[in-house]
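Novice: take a look and give me a structure for this.
(one chain, ligands or ions: 1)
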Amino acid sequence: MKNFLIKGGRLVDPAQGIDGKFDIAMADGKVSWIGAGEPPKNDYTVIDATNLTVTPGFIDLHTHLRQPGFEEKETISTGTAAAARGGFTTICSMPNTNPAVDNRATVDYVKCVASREAVVRVLPIGCISKGRRGETLAELGEMAGAGVIGFSDDGSPVPGARLMKQAMEYAAGLNLPIIDHCEEPSLAEGGQINEGIVATRLGLAGIPNAAEETMIARDIALAKLTGARLHLCHISSKGSIDLIRAAKTGGLKLTAEVTPHHLTLTEERCLGYDTNAKVNPPLRTYADIEALIGALLDGTIDAIATDHAPHTENDKCCEFALAPFGISGLETAFGSLMKLVHSGKMPLPLIVEKLTAGPARVLGNGFETAGSLKVGNPADLVISDPAAEWIVETAKFASKGKNSPLAGEKLKGKVIVTIYNGNIVHEEDIR
Ligand SMILES: NC(=O)N[C@@H](CC(=O)O)C(=O)O
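Specialist: You can find the predicted model right below:
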């Protein structure tokens, strides 16, 4: 492990209220100094970050790593390599694998493979129900003992309110969040894209906003009843924002995330039947995007999470209705989000906050101080170039999932170096 001195960059660390030209030193895998003059004497490898931005490593609350069971789509090794390329130094792995992560043995398996093969930190999430079937509770207490950071049946909702209530009671006792895939199945069933004009034009069945909103309303009611911590995944509609804002005003322990694709793409992306734009929840409308941005600005939404959902080319190369939902998102997240900065819709420090301190607070349980370059914290850091233009070439993704609707598109904003625990885990070949 080297000691690094990163000089001349714009240091943005929202948790410490830092946004300015500062140098930063890292020694023995930890942040050791931030300042403008001479750093403490050490044997440093110097990185020149002139015209670049230096931020804490990003934290992704929502990543599908696919291992065990779907290694043709992604593995812990390729998924974490993709994370490193995207600037993520901590990722939370979703349990919709095969077998699903619903007991201690599967949690141990993910942790064991990660300890050998992951290039960034992997925090496993355990299922709410056994096999994600929505019938009986998974081994929540056992998985808490094995170190999961929360519970989710993501990919599927928990259809029964009674089971969800029971899950919340247990999760509250274990002081872990329920990480909620909000979808009322009877409304969403058979749906392919957002219910609206584009679905009508394409002759595809729609998924109405209300599929998300009715489930959010139910689970807010259950969280009130049980006192559980509720984290809402991939929020996509204006109506959902209204519900979350009202519930938060009422003092509920509620947090929410939004994805880069829901912040930047609309349902029109599905014109032409591009299965790479098929995602759950579906891409919606400009009015929804405006509401999602407003919710980031006023704190209604706590974090930006990728919902990185890699699939093989074979999976996606089929009729629209037969294609699985999902976008491979880790490697385009930063470049996509920078569109919001370049168009003046969101300031860079706020984007950084929602990728670092925001998700750290959602995690809680000792992670509150992660997502910051405080002296003494692990040296998890990203150097990015907000002005670098690049073409999305999915063939070059570290992820096995080449399923990106942004393929061939020009993005402005690129991760240049990612340092995890004091080691460079990604470096662009630009110098
Ligand atoms: N978000 C997605 O579009 N896909 C997710 C699961 C899900 O449907 O939420 C996946 O695991 O592929």
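Novice: who are the contact partners of the residue most central in space within the chain?
Specialist: Closest to where the C-alpha atoms of the chain average out (C-alpha atoms, centre = their mean) is A305, at 2.2 Å. By C-beta atoms under 8 Å, 6 or more residues apart in numbering, A305 lies in contact with D60, L61, H62, C233, H234, E257, V258, T259, P359. For the C-beta atoms, the positions are set from N, CA and C on the backbone; glycine is no exception.
Novice: for the last one, give me the pLDDT.
Specialist: In this case it means P359. Note for P359: predicted pLDDT of 98.
Novice: can you confirm it is in a helix?
Specialist: Yes - assigned with DSSP: H, G, I helix; E, B strand; the rest coil, P359 falls within a helix.
Novice: and it, how far from M143?
Specialist: For P359, the distance to M143 (C-beta to C-beta, to the nearest Å) stands at 20 Å.
Novice: same check on the fifth one?
Specialist: Using C-beta to C-beta, one gets 22 Å for the distance from H234 to M143.
Novice: which pair of the contacts of A305 spans the longest distance?
Specialist: With C-beta to C-beta as the measure, no two of these lie farther apart than H234 and P359, at 13.6 Å.
Novice: who has more neighbours, the two?
Specialist: Each of H234 and P359 has its neighbours counted (other C-beta atoms under 10 Å); P359 has more, 28 against 25.
Novice: in this structure that one contacts A303, no?
Specialist: Yes - at 4.1 Å, P359 counts as touching A303 under the criterion of C-beta atoms under 8 Å.
Novice: joint contacts of these two?
Specialist: Here P359 and A303 share the contacting residues I59, L61, E257, scored by C-beta under 8 Å, 6+ apart.
Novice: and K73, what does it touch?
Specialist: By C-beta under 8 Å, 6+ apart, the neighbours of K73 are R66, P310, H311, T312, D315, K400, G401.
Novice: contacting residues around the first one?
Specialist: Going back to what we said before, that points to R66. Contacts of R66 (C-beta under 8 Å, 6+ apart): K73, E74, T75, G79, T97, P310.
Novice: and the strands in the stretch 301-431 of the chain?
Specialist: Applying DSSP state E, counting those that start in this stretch to the stretch 301-431 of the chain gives strands spanning 303-304, 381-391, 410-420, 423-427.
Novice: dump the ones you listed to a markdown table, plus distance to P281.
Specialist: Below are these laid out as a markdown table (distance: least, C-beta to C-beta, whole Å):
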| stretch | distance to P281 |
| --- | --- |
| strand 303-304 | 15 |
| strand 381-391 | 28 |
| strand 410-420 | 23 |
| strand 423-427 | 30 |
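Novice: which one of those strands is the most hemmed in?
Specialist: strand 303-304 (a mean of 29; mean count of other C-beta atoms under 10 Å).
Novice: re earlier: common neighbours of H234 and P359, please.
Specialist: Residues touching both H234 and P359 (C-beta under 8 Å, 6+ apart): E257, A305.
Novice: before we move on, back to that, for the ligand, find the nearest of the strands of the stretch 301-431 of the chain.
Specialist: strand 303-304 (14.8 Å; C-beta to the nearest ligand atom).
Novice: by proximity to the ligand, which residue of the stretch 101-250 of the chain wins?
Specialist: Closest point on the stretch 101-250 of the chain to the ligand, by C-beta to the nearest ligand atom, is G155, at 3.6 Å.
Novice: what about stretch 271-283, start to end distance?
Specialist: 12 Å (C-alpha to C-alpha, to the nearest Å).
Novice: for it, buried residues please.
Specialist: T275, N276, A277, K278, V279, N280, P281, P282, L283 (16 or more other C-beta atoms under 10 Å).
Novice: now tell me what touches that stretch from outside.
Specialist: Contact partners of stretch 271-283, identified using C-beta under 8 Å, 6+ apart, comprise 155, 183, 191-194, 198, 201-202, 207, 211-212, 234, 236-237, 261-262, 265-267, 269-270, 307, 309, 316-318, 320, 323-327, 403-405, 407.
Novice: packing partners of the helix or strand encompassing Y109?
Specialist: Using DSSP states H and E, Y109 maps to helix 104-117. Packing partners of helix 104-117 (3 or more C-beta pairs under 8 Å, 6 or more residues apart in numbering; DSSP states H and E): helix 76-86, strand 121-124, helix 140-146.
Novice: just checking, what packs against the second one?
Specialist: It stands for strand 121-124. strand 88-93, helix 104-117.
Novice: who's in contact with it?
Specialist: So strand 121-124 is contacted by 65, 76, 80, 89-93, 95, 101, 107, 110-111, 114, 147-149, 363, 380, 420-421 (C-beta under 8 Å, 6+ apart).
Novice: quick one: contacts for G69?
Specialist: T97, N98, P99.
Novice: recalculate using a threshold of 10 Å.
Specialist: With contact set as C-beta atoms under 10 Å, 6 or more residues apart in numbering, G69 has these partners: N96, T97, N98, P99, A100, T106.
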